[in-house]
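Colleague: Starting from these lines, generate the structure:
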Amino acid sequence: MNDGVNGVALAVFILFFLAVTVMGFLAARWRKAENEHSLDEWGLGGRSFGTWVTWFLLGGDLYTAYTFVAVPAAIYAAGAAGFFAVPYTILVYPLIFTFLPRLWSVSHKHGYVTTSDFVRGRFGSKGLSLAVAVTGILATMPYIALQLVGIQAVLDVMGVGGGENTNWFVKDLPLLIAFGVLAAYTYSSGLRAPALIAFVKDTLIYIVIAVAIIYIPIKLGGFADVFGAASEKYTAAKAGGLVPLEAGQWTYATLALGSALALFMYPHSITATLSSRSREVIRRNTTILPLYSLMLGLLALLGFMAIAAGVKVTNPQLAIPQLFEDMFPDWFAGVAFAAIGIGALVPAAIMSIAAANLFTRNIYKDFIKPDATPAQETKVSKLVSLLVKVGALVFVLTMDKTVAINFQLLGGIWILQTFPALVGGLFTRWFHRWALLAGWAVGMIYGTVAAYGVASPTQKHFGGSAKEIPGIGEIGYIGLTAFVLNVVVTVVLTFVLKAAKAPDGIDETSPEDYTADAGDPGVEVELPPATAGTSH
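Modeller: Numbering: from 1, shown residues only. Modelled structure (predicted):
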């Protein structure tokens with residue numbers, strides 16, 4: 001670990017950080033909004049983004065600083081089991097090809113801003129909509145915190161902030177500054193800021209990975225030596241070498257499948273999706289987004305390289321930043337650190353906007369002020385986006401980093417429980433709203449209780465996301481087990497409630513809404529009553 005400040009790397013890092021900060025504030029003038037006091041404009045970029053902007057935005061949204069740090073860190077610490085992220089990002093794209101265009105179409109037709117808007121309209125249930133909104137906010141908070149953890153890892157390796165005995169304010173000042181800048185340009189420019197910055201972020205990441213995958217193995221003697229060193233470490237640790245142990249294969253498979261089902265349930269994924277200008281943009285993106293999976297596979301190899309390079313860190317999250325510090329010239333280490341740092345700013349901005357939109361549309365408007373004007377909605381969403389980021393910052397500064405990671409794992413378990421209402425609702429109205437709410441509750445309770453009972457070497461509770469699957473006896477992903485229970489309860493109760501002729505709610509959508517495109521005759525955004533007659 002570097003004992004002092006790496007001045008050259010820090011200077012390069014600051015240069016890029018200042019550049020994207022300026023871009024963040026100038027983004028308010030990019031594709032300037034017709035009506036700035038509209039949630040469609042601030043929270044969805046005017047629903048105007050084309051194929052490439054959407055591709056960069058979704059890539060910047062899904063492949064975060066934490067991905068950059070955590071995937072190779074998992075391989076560095078635990079071996080090939082950390083590769084689960086690669087198959088799950090391969091599984092997810094055929095899946096979203098089937099339902100994202102339908103979600104875009106119905107959302108465009110009815111002016112839905114969030115998934116909870118759709119659930120409320122489809123099932124006529126504010127209670128179910130509230131459950132989806134609260135789940136989305138809870139799952140997003142620790143995800144934002146992990147982006148700040150990614151920035152902090154880079155700052156630690158560059159030697160910024162002093163040692164452990166340094167005054168807490170001085171030590172955390174760089175992170176506070178980064179947070180302040182992020183909060184300011186997100187408040188000012190909304191979704192346009194991360195959309196514009198995503199171009200820089202993804203370009204930097206592709207450059208860094210391309211250089212790393214060629215330059216570092218050459219310095220280490222070639223890939224044969226890299227894999228040899230990794231195999232020796234895992235064999236000595238009885239971790240199964242370069243393949244997962246047989247006992248861990250159920251965990252690997254269920255975690256990959258469950259993560260694939262959950263990824264596009266996160267509010268920030270849907271926010272980026274709904275910002276696109278047409279159904280065809282979404283379809284094209286599901287075919288070209290797998291390019292990021294190729295990048296992720298190469299990124300994962302950095303974990304093996306960290307072992308071969310002899311990187312020694314007590315916190316695996318520091319392994320890749322330390323690898324860059326050790327192997328790259330100082331100036332290019334600065335470029336790599338900038339890629340990670342900016343890779344945190346883009347998703348953190350989108351996540352805070354998505355959480356704020358959920359609160360504004362599905363809590364504030366539905367339950368607190370039903371007659372809120374578009375300007376009031378936008379103002380509340382801006383303020384809540386700040387509060388969400390403050391909450392994430394407090395989480396990072398006051399809690400152990402492993403707690404943040406495990407709460408993010410818990411967030412994945414939670415968000416998966418919204419799948420039946422969202423994806424199921426896109427294809428059928430058969431499920432009963434009360435059955436969906438009951439299934440959601442069972443999945444949430446089981447998932448939370450099961451995760452609470454998982455211990456780790458550093459934590460008594462919430463120490464992981466895998467536990468024995470009831471009735472099977474294998475260790476599997478808790479989120480997927482909870483999801484199966486959710487679906488079973490939903491199906492059984494739907495039969496019961498339909499037999500009892502329980503009121504089914506009003507569906508405000510029609511079959512043709514799910515295949516409509518922006519250019520189709522008569523397809524315009526339908527404004528809710530509170531916004532009728534305003535500029536949109």
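Colleague: Show the subsequent helix or strand relative to the longest helix seen in the chain.
Modeller: Scanning the chain for the helix with the most residues, using DSSP state H, yields helix 126-158. Following helix 126-158 in sequence order, the next helix or strand is helix 168-189 (DSSP states H and E).
Colleague: Report the distance from that following helix to the chain centre.
Modeller: 20 Å (C-alpha atoms, centre = their mean, to the nearest Å).
Colleague: Please point out which parts of it sit buried.
Modeller: Buried residues in helix 168-189, counted by 16 or more other C-beta atoms under 10 Å: 171-175, 178-179, 181-183, 185-189. In short, each C-beta sits where N, CA and C put it, glycine included.
Colleague: Lowest-confidence entry in those residues?
Modeller: Across the set of the buried residues of helix 168-189, residue 171 stands lowest in pLDDT, at 68.
Colleague: most centrally placed residue in this protein?
Modeller: By C-alpha atoms, centre = their mean, the chain has its centre lying nearest to residue 62, at 5.2 Å.
Colleague: for the stretch 51-200 of the chain, what are the low-confidence residue spans?
Modeller: Applying pLDDT under 70 to the stretch 51-200 of the chain flags the ranges 161-171.
Colleague: picking up where we left off before, residues touching the residue nearest to the centre of the chain, list them.
Modeller: For residue 62, the contact set (C-beta atoms under 8 Å, 6 or more residues apart in numbering) comprises 89, 263, 269, 289, 292, 347.
Colleague: 10 Å instead?
Modeller: 89, 92, 263-264, 266, 268-269, 272, 289, 292, 296, 347, 350 (C-beta atoms under 10 Å, 6 or more residues apart in numbering).
Colleague: can you check residue 332 too?
Modeller: Contacts of residue 332 by C-beta under 10 Å, 6+ apart are 8, 9, 12, 207, 208, 211, 212, 215, 324.
Colleague: Neighbour-wise, which one of those leads?
Modeller: residue 9 (28 neighbours; other C-beta atoms under 10 Å).
Colleague: That residue sits in which helix or strand?
Modeller: Residue 9 is located in helix 7-26, with elements delineated by DSSP H and E.
Colleague: Sketch out the strands for the chain, chain order is fine.
Modeller: Using DSSP state E, the strands of the chain run over 466-468, 475-477.
Colleague: Could you identify which of the ones you listed is most buried?
Modeller: strand 475-477 (a mean of 24; mean count of other C-beta atoms under 10 Å).
Colleague: strands paired with that strand, and their directions?
Modeller: If you go by DSSP bridges, strand 475-477 pairs up with strand 466-468 (antiparallel).
Colleague: average pLDDT across the strand it pairs with?
Modeller: 90.
Colleague: one step back: out of the strands of the chain, flag the one nearest residue 358.
Modeller: The minimum distance between residue 358 and the strands of the chain falls on strand 475-477, with 25.0 Å, by C-beta to C-beta.
Colleague: Run through who's touching that closest one.
Modeller: 84, 247-259, 262, 409, 412-413, 416, 447, 464-470, 483-484.
Colleague: Put the buried members of the residues you listed into a PyMOL selection.
Modeller: The buried residues among the contacts of strand 475-477 can be selected in PyMOL (16+ other C-beta under 10 Å) with this line:
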select buried, resi 84+248+250+251+252+253+254+255+256+257+258+259+262+409+412+413+416+447+464+465+466+467+469+483+484
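Colleague: Tell me which of the contacts of strand 475-477 fall in helices.
Modeller: Reading helices off the contacts of strand 475-477 with DSSP H, I get 249-259, 262, 409, 412-413, 416, 447, 483-484.
Colleague: Now do the helix holding residue 9 and helix 126-158, the angle between them.
Modeller: 150 degrees (axes from the mean of the first three to the mean of the last three C-alpha atoms, to 10 degrees).
Colleague: Return helix 7-26 as CSV; C-alpha atoms alone will do.
Modeller: What follows is helix 7-26, C-alpha atoms only, in CSV (Å, rounded to 0.1, in the frame of the first residue of the first chain):
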residue,chain,number,x,y,z
GLY,A,7,0.8,13.0,-6.7
VAL,A,8,0.8,12.2,-10.4
ALA,A,9,-2.1,9.7,-10.2
LEU,A,10,-4.1,12.2,-8.0
ALA,A,11,-3.5,15.0,-10.5
VAL,A,12,-4.8,12.9,-13.4
PHE,A,13,-7.8,11.8,-11.2
ILE,A,14,-8.7,15.4,-10.3
LEU,A,15,-8.4,16.5,-13.9
PHE,A,16,-11.0,13.9,-15.1
PHE,A,17,-13.1,14.6,-12.0
LEU,A,18,-13.2,18.3,-12.8
ALA,A,19,-14.0,17.6,-16.5
VAL,A,20,-17.1,15.4,-15.7
THR,A,21,-18.2,17.9,-13.1
VAL,A,22,-18.3,20.7,-15.7
MET,A,23,-20.1,18.2,-18.0
GLY,A,24,-22.6,17.5,-15.2
PHE,A,25,-23.6,21.1,-14.9
LEU,A,26,-23.6,21.8,-18.6
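Colleague: Just the buried residues of it, please?
Modeller: Buried, per 16+ other C-beta under 10 Å, within helix 7-26: 9, 10, 12, 13, 16, 17, 20, 21, 23, 24.
Colleague: now it: mean pLDDT?
Modeller: For helix 7-26, the per-residue pLDDT averages 90.
Colleague: for that helix, the distance to its chain's centre please.
Modeller: How far helix 7-26 lies from its chain's middle: 24 Å, per C-alpha atoms, centre = their mean.
Colleague: Burial check on residue 287, number of neighbours?
Modeller: Neighbourhood size, residue 287 [other C-beta under 10 Å]: 11.
Colleague: Tell me how far it lies from residue 101.
Modeller: 12 Å (C-beta to C-beta, to the nearest Å).
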